[in-house]
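A.B. asks: Could you look at this predicted model? Sequence included:
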Amino acid sequence: MELDLTDAREEKVVTVVINRVTKVVKGGKRFSFNALVVVGDNHGKVGVGLGKSNEVQGAIQKGTAGARKDMFQFPLIDSTIPHEVEGHFGAGKVWMKPAVGGTGLIAGGGVRAVLEASGVKNVLTKNLGTRNAFNTVYATLDALKRLKSREEVMKIRGRAE
C-alpha cells in the first residue's frame, strides 16, 4: 500500500522575535518568554502565532502550533501579489506592490519574514508608521487577507469571464 503525499507540503517556520518579559513578585523577579512565529508553505499559505512560556523553546513550539491553526490562503501570480494593497494593525501600516520577476523581495523585518514563508518572491513593500515587529507582522497579514484574485474581482463586479 502506497502513501499519497501529494498534498503534504513542507512548511517554513520563521521566528520573528523572542522577548523576555519579567513579572515582579514579593520574592523577586520571574522571567518568562514570548515568541512571534510565522509558518508558511511557500505556495501562498501563511499563519502567525504568539507563544508564551517559561522557556524559549516552549514559547517557539506554542507559537508554531498557533501559527499552523491560524493559516490562510491568498492568491499568488507568478510568485508576486496580484495587485497593490495596504494593511493596517494598530499604528503599523504596510504597503505592498507587485513586482516583475527578478526584482526580489524588497522588504524588511517582520514583513520579510511573512512574505518569505508564504512564497512571495517579487514584491515592493514599505513599512509606514511603527517599526514594532508585532504590529508590522499583523499589518502584513491584514494586507495579504485583502488580496483578491482576478476571478474574485470579476464575480464582485458581476461580470462573466
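C.D. replies: Arrived safely, thanks for sending. What you see is a predicted model; the values in this text were computed from it and never measured. Numbering: from 1, shown residues only.
A.B. asks: ok, now how distant is the closest residue to Ala91 other than its chain neighbours from Gly51?
C.D. replies: With CB to CB, 6 or more residues apart in numbering as the measure, Thr130 is the residue that lies nearest to Ala91, at 4.2 Å, once sequence neighbours are left out. Quick note: C-beta positions are derived from backbone N, CA and C, even for glycine. In this view, Thr130 and Gly51 are 22 Å apart by CB to CB, to the nearest Å.
A.B. asks: what about these two, which has more around it?
C.D. replies: Each of Thr130 and Gly51 had its neighbours counted (other CB atoms under 10 Å), and the higher figure belongs to Gly51 (23 against 15).
A.B. asks: hey, C-alpha coordinates of the helix or strand hosting the more buried one in PDB?
C.D. replies: Assigned by DSSP states H and E, Gly51 falls within strand 45-53. The C-alpha coordinates for strand 45-53 follow below in PDB (Å, rounded to 0.1, in the frame of the first residue of the first chain):
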ATOM      1  CA  LYS A  45      -0.500  29.900   2.600                       C
ATOM      2  CA  VAL A  46       0.700  31.600   5.800                       C
ATOM      3  CA  GLY A  47      -0.100  31.900   9.500                       C
ATOM      4  CA  VAL A  48       1.200  33.700  12.600                       C
ATOM      5  CA  GLY A  49       1.200  32.600  16.200                       C
ATOM      6  CA  LEU A  50       2.300  34.100  19.500                       C
ATOM      7  CA  GLY A  51       3.600  31.600  22.100                       C
ATOM      8  CA  LYS A  52       4.300  32.300  25.700                       C
ATOM      9  CA  SER A  53       6.200  30.000  28.100                       C
END
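A.B. asks: Where does the record place the domain boundaries for this structure?
C.D. replies: The chain breaks down by automatic domain parsing into domains covering 12-72, 74-155.
A.B. asks: Could you list the low-confidence segments of the chain?
C.D. replies: 1-9, 160-161 (pLDDT under 70).
A.B. asks: Assign the spatially most central residue of it to helix, strand or coil.
C.D. replies: Using CA atoms, centre = their mean, the residue of the chain that lies closest to the mean C-alpha position is Val114, 3.4 Å off. Counting by DSSP: H, G, I helix; E, B strand; the rest coil, the backbone at Val114 sits in helix.
A.B. asks: Go ahead and report the secondary structure state at the closest residue to it other than its chain neighbours.
C.D. replies: Leaving out its chain neighbours, the residue that sits closest to Val114 by CB to CB, 6+ apart is Thr140, at 4.5 Å. Going by three-state DSSP, the secondary structure assigned to Thr140 is helix.
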